[in-house]
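> Pasting the sequence and the predicted coordinates here, then a few questions.
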Amino acid sequence: MDLELSDDQVALRDGIASLLAGRFGSDRIRAGFDRVMWDELAAAGVFSLGADGFGWADRVVVFEELGRACVPGPLVAGSLAHGSVEGIVGGVDRAAAGEVAMVEHLDALDRVLVLDDDGIAAVDAAAVDGDPSPWPLDPLTPVTRVASLPAGERIGDAALARDWRRQGSVLTAAFALGLATRGTELAVEYAKGREQFDRPIGSFQAIKHLLADMLVRAEVARAAVYSAGAHLDDPELPGLDRSIATAKVLACEAAIVNGKSATQVYGGMGFTWEVDVHLYLKRAWVLDTHFGSVEHCSDAIAKSLPSR
Amino acid sequence: MELRYSESEEQFRAQLREWLEATLPTLSPEPGREAWPERRTWDTDWQRRLFDAGYAGLAWPSEFGGRGASPTEQLVFLEETTRARAPYVGVNFVGTLHAGPTLIAEGTDEQKSAHLPRILRGDEVWCQGFSEPGAGSDLASLRTRADRDGDDYVLNGQKIWCSFGQIADFGEFLVRTDPNAPKHKGISWLILPMDTPGIDVRPLRTVLGSSEFSEVFLNDVRVPVGNRVGAENDGWRVTNVTLSFERGTAFVSELVDSLRLVEDVAPLVTDPAYRRELGRCAAEFDGLWALTKRSISQAVRHGAPGAGAMVTKLAYSEARQRFGELCLRVLDRGALAIDGNELVEERLRTLALTIAAGASQIQRNIVSERVLGLPREPR
């Protein structure tokens, strides 16, 4: 039993963190996702970790760092589809066939994965007809309203769809964990430097307690996410789906609540476009809609508990 | 990262399970909640059984009669004993988990040999005399005086929140030996025999109506100077060394118990909104269970748990209160009579979680200053 990073995982984390710090700073992130960014991430091995022999717990470590840097783009879909689908791949997780879908990053995609209970289809992005939103909630996640999706090419059955949902949930939770962690770091840095009443605001208990709670949320979520990653590597152990839902609930909630708390700590600046905090909160809201929200995952956990 | 336990840990688990299965049915029924002399007998009998089977002082080094178990084995032990609903550490709490470890770290050879074997065998019960009516969160402001008189200290003052004070043989007491020094620098740690003349123990009734805590009044109580542990006026540091014994296992029993309660309560929860809240509570407890395992992994690897151990108390106490509140709501008017209903009783008990052993507000100060590096509040 070991839920601490191994030396190799520390090296992996530090490697991706320094790559992101060097090339994916705030200005680059704010320019949004594009083909060049995809190629750069692909060259760094972000999508091919599985093919390169890394396990899910390792991939979790990488996605946590991608989240800390708030890297935009269909990173989870690209990682799941690696080796199965060519080109830039995005994804739609469709609970029920036929419903209106919000497709993210459509303009930048070659293919759209459509996951539902029956299986996985790959659809040519060019064949998807929709209405791009001029004003997406997260400026770094452009969305297109699509009334119906073409059938596309069947690339996986129901069992594979279930596996990809599990894996996608864990990678999404890991990314959200990174958002929650960075939100805490940003707020702590600001609270140390910002002075009011002739003192750093971080010396006031009202602020400190907000920040302490942010750390608490991120630490509990981190343990749950690492545990779910290790569970994916050892799926025979009982309770796989519950551990995944737990990771998703705790990480997305941590990302959302920490995003809101960071906004509060930044005060008026937190309500501006110029400060990055809103980008972290908005992405958290986006990710909560992927693979089941906090509420839906809580329902799924409850369903696994005894009932009358 | 790896969720499976090693072969030797699984072997430890299997042997423990076997022993629990053989031993638990032979225990006499648990005495009533307020029957303190009987509780003492029952709890110390359990401690003696643990000792005879080699499970006493699991975390204690073997040279002091302990098992010297790894943090992971401690986790397994607490997990299995709680699951099997074995007796809780009960009246042995202060001796085995606080005073004993302090003596191991700071006691003289004489103090160690006088107390450690007896604590381990369940022959000796300890209580704690730290808090005072005027010294709660600000413990170092304590005012119980210990005036030197020849080879004795003479104690005068009042302590509060002494668990099991009414049936303890010894107490670990913090007293002020230098009233003129800065508050952290004038405190000493004493071993107080509880039958010393001048000690008056009065039960304190909690919101549960129970009396596991006492107030202790000290009136010219004479204690030999040789009962001091550590140097005079160094008691604050002596008290804090015990914390280094903590290996992230502090909430294992509570979490295992919480997860069992979730399973037990689940069939009663039919309303969809409550059901969702129950799922959310289960996620929180599962997350804390993972955090516990992570902290223990860090303790194994680095010798001490990381920041996660510091946040466990904060997160656990709130999660448990949230769950307790859900239980009351699910029971609806059925919750209006306690009548031995575990869930109602538990809800009341959880009120203490955000107060005892460091109020949540103080914990947040500590986390924000020590982990996040925020400036201190001016004091």
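Cool, the structure landed.

> Can you get me a residue count around whichever residue of the stretch 101-250 of chain B sits closest to chain A?
Per Cβ to the nearest Cβ, the residue of the stretch 101-250 of chain B with the smallest distance to chain A is B:Gly248, at 10.9 Å. Where you see a C-beta, it was placed from the backbone N, CA and C, and this is true even at glycine. Around B:Gly248 there are 26 other residues, counting by other Cβ atoms under 10 Å in any protein chain shown.

> Just confirm B:Gly157 is within a helix.
No: read with DSSP: H, G, I helix; E, B strand; the rest coil, B:Gly157 is strand and lies in no helix.

> mind listing what B:Leu348 touches?
By Cβ atoms under 8 Å, 6 or more residues apart in numbering or on different chains, the contact list for B:Leu348 reads B:Val207, B:Leu208, B:Ile338.

> can you do 6 Å?
Contacts for B:Leu348 (Cβ atoms under 6 Å, 6 or more residues apart in numbering or on different chains) come out as B:Val207, B:Leu208.

> how far does the strand or helix carrying it sit from the chain's center?
Using DSSP states H and E, B:Leu348 sits within helix B:342-350. With Cα atoms, centre = their mean, to the nearest Å as the basis, helix B:342-350 stands 18 Å off its chain's centre.

> Downstream of that helix, the next helix or strand is which one?
helix B:360-366.

> Can you dump the C-alpha atoms of the helix holding B:Leu348 in CSV for me?
Presented in CSV, the C-alpha positions along helix B:342-350 are these (Å, rounded to 0.1, in the frame of the first residue of the first chain):
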residue,chain,number,x,y,z
GLU,B,342,-26.6,5.1,18.1
LEU,B,343,-27.3,7.7,15.4
VAL,B,344,-28.8,10.3,17.7
GLU,B,345,-26.1,9.8,20.3
GLU,B,346,-23.5,10.1,17.6
ARG,B,347,-24.9,13.4,16.3
LEU,B,348,-24.5,14.9,19.8
ARG,B,349,-21.0,13.4,20.1
THR,B,350,-19.9,15.0,16.8
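
> what bits of the chain have low per-residue confidence?
As the question left the chain open, I've gone with chain A. Confidence mapping of chain A against pLDDT under 70 gives the ranges A:95-99.

> other chain: chain B
Across chain B, the ranges flagged by pLDDT under 70 are B:243-246, B:379.

> Can you list the buried residues in the longest helix along it?
Identified as the longest helix of chain B according to DSSP state H is helix B:272-302. Buried residues in helix B:272-302, counted by 16 or more other Cβ atoms under 10 Å in any protein chain shown: B:274-301.

> elements contacting that helix?
helix A:205-233, helix A:240-266, helix A:294-303, helix B:71-83, helix B:252-265, helix B:307-331 (3 or more Cβ pairs under 6 Å, 6 or more residues apart in numbering or on different chains; DSSP states H and E).

> The first one near chain B at all?
What it means is helix A:205-233. Yes: judged by Cβ under 6 Å from any Cβ of the partner chain, helix A:205-233 comes into contact with chain B at A:Lys208, A:His209, A:Leu211, A:Ala212, A:Val216, A:Glu219, A:Val220, A:Ala223, A:Ala224, A:Tyr226, A:Ser227, A:Ala230.

> what angle separates that helix from helix B:272-302?
For helix A:205-233 against helix B:272-302, the angle by axes from the mean of the first three to the mean of the last three Cα atoms, to 10 degrees is 80 degrees.

> gap between helix A:205-233 and the chain center?
So, by Cα atoms, centre = their mean, the centroid of helix A:205-233 is 15 Å from its chain's centroid.

> next one: the fifth one
The chain centroid and the centroid of helix B:252-265 are separated by 18 Å, computed with Cα atoms, centre = their mean.

> which non-adjacent residue is nearest the residue in the stretch 251-379 of chain B that chain A sits nearest to?
Going by Cβ to the nearest Cβ, chain A is nearest to B:Gly279 of the stretch 251-379 of chain B, at 3.3 Å. Once flanking residues are discounted, B:Gly279 sits nearest to A:Ala302: 3.3 Å by Cβ to Cβ, 6 or more residues apart in numbering or on different chains.

> need the residues of the stretch 51-200 of chain A near chain B, please.
Looking at chain B, the residues of the stretch 51-200 of chain A close enough under Cβ under 6 Å from any Cβ are A:Ala57, A:Val188, A:Pro200.

> Closest to chain B out of those?
Using Cβ to the nearest Cβ, A:Ala57 comes nearest to chain B of these, at 4.1 Å.

> give the contact list for B:Thr82.
B:Thr82 neighbours (Cβ under 6 Å, 6+ apart): B:Ser253, B:Val256, B:Asp257.

> Which of those ranks first by neighbour count?
Within the contacts of B:Thr82, most neighbours by other Cβ under 10 Å means B:Val256, with 20 neighbours.

> Now A:Asp131. Nearest residue, chain neighbours left out?
Leaving aside its sequence neighbours, A:Asp131 sits nearest to A:Arg145 (Cβ to Cβ, 6+ apart; 4.6 Å).

> List the residues that contact the residue of chain A found nearest chain B.
Closest approach between chain A and chain B, counting by Cβ to the nearest Cβ: A:Ala302, at 3.3 Å. Shown in contact with A:Ala302 (Cβ under 6 Å, 6+ apart): B:Arg275, B:Leu278, B:Gly279.

> Surely the first one touches B:Pro267?
No: judged on Cβ atoms under 6 Å, B:Arg275 makes no contact with B:Pro267 at a distance of 10.9 Å.

> coming back round to it: now the residues of the stretch 51-200 of chain A next to chain B in TSV, with neighbour count?
Below are those laid out as TSV (neighbours: other Cβ atoms under 10 Å in any protein chain shown):
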residue	neighbour count
A:Ala57	27
A:Val188	23
A:Pro200	17
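
> Could you name the specific helix or strand carrying the spatially closest residue to B:Val76 that is not a sequence neighbour?
Closest residue in space to B:Val76, ignoring its immediate chain neighbours: B:Arg13 at 5.0 Å, by Cβ to Cβ, 6+ apart. Following DSSP H and E, one finds B:Arg13 within helix B:7-23.

> buried set for that helix?
For helix B:7-23, the neighbour count (16+ other Cβ under 10 Å) marks B:Glu9, B:Phe12, B:Arg13, B:Leu16, B:Trp19, B:Leu20, B:Thr23 as buried.

> Let me have these in CSV, extended by distance to B:Val94.
Putting the buried residues of helix B:7-23 into CSV (distance: Cβ to Cβ, whole Å) gives the following:
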residue, distance to B:Val94
B:Glu9, 29
B:Phe12, 26
B:Arg13, 28
B:Leu16, 24
B:Trp19, 25
B:Leu20, 24
B:Thr23, 24
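
> Quickly name whichever of those residues is closest to chain A.
The nearest member of the buried residues of helix B:7-23 to chain A, counting by Cβ to the nearest Cβ, is B:Glu9 at 7.3 Å.

> measure the closest one to B:Val344 for me?
The gap separating B:Glu9 from B:Val344 is 37 Å, by Cβ to Cβ, to the nearest Å.

> Would you check that the residue nearest to B:Val76 makes contact with B:Phe77?
No: the pair B:Arg13 / B:Phe77 is not scored as a contact, 8.6 Å apart, by Cβ under 6 Å.

> Would you map the strands across the stretch 101-250 of chain B?
With DSSP state E, counting those that start in this stretch as the criterion, the stretch 101-250 of chain B has strands at B:126-129, B:145-149, B:152-163, B:170-176, B:187-193, B:199-204, B:213-224, B:228-229.

> With mean neighbour count and distance to B:Asp332 added, can I get these in a markdown table?
Putting these into a markdown table (neighbours: other Cβ atoms under 10 Å in any protein chain shown; distance: least, Cβ to Cβ, whole Å) gives the following:
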| stretch | mean neighbour count | distance to B:Asp332 |
| --- | --- | --- |
| strand B:126-129 | 27 | 39 |
| strand B:145-149 | 16 | 52 |
| strand B:152-163 | 20 | 33 |
| strand B:170-176 | 26 | 44 |
| strand B:187-193 | 23 | 48 |
| strand B:199-204 | 15 | 32 |
| strand B:213-224 | 19 | 31 |
| strand B:228-229 | 22 | 52 |
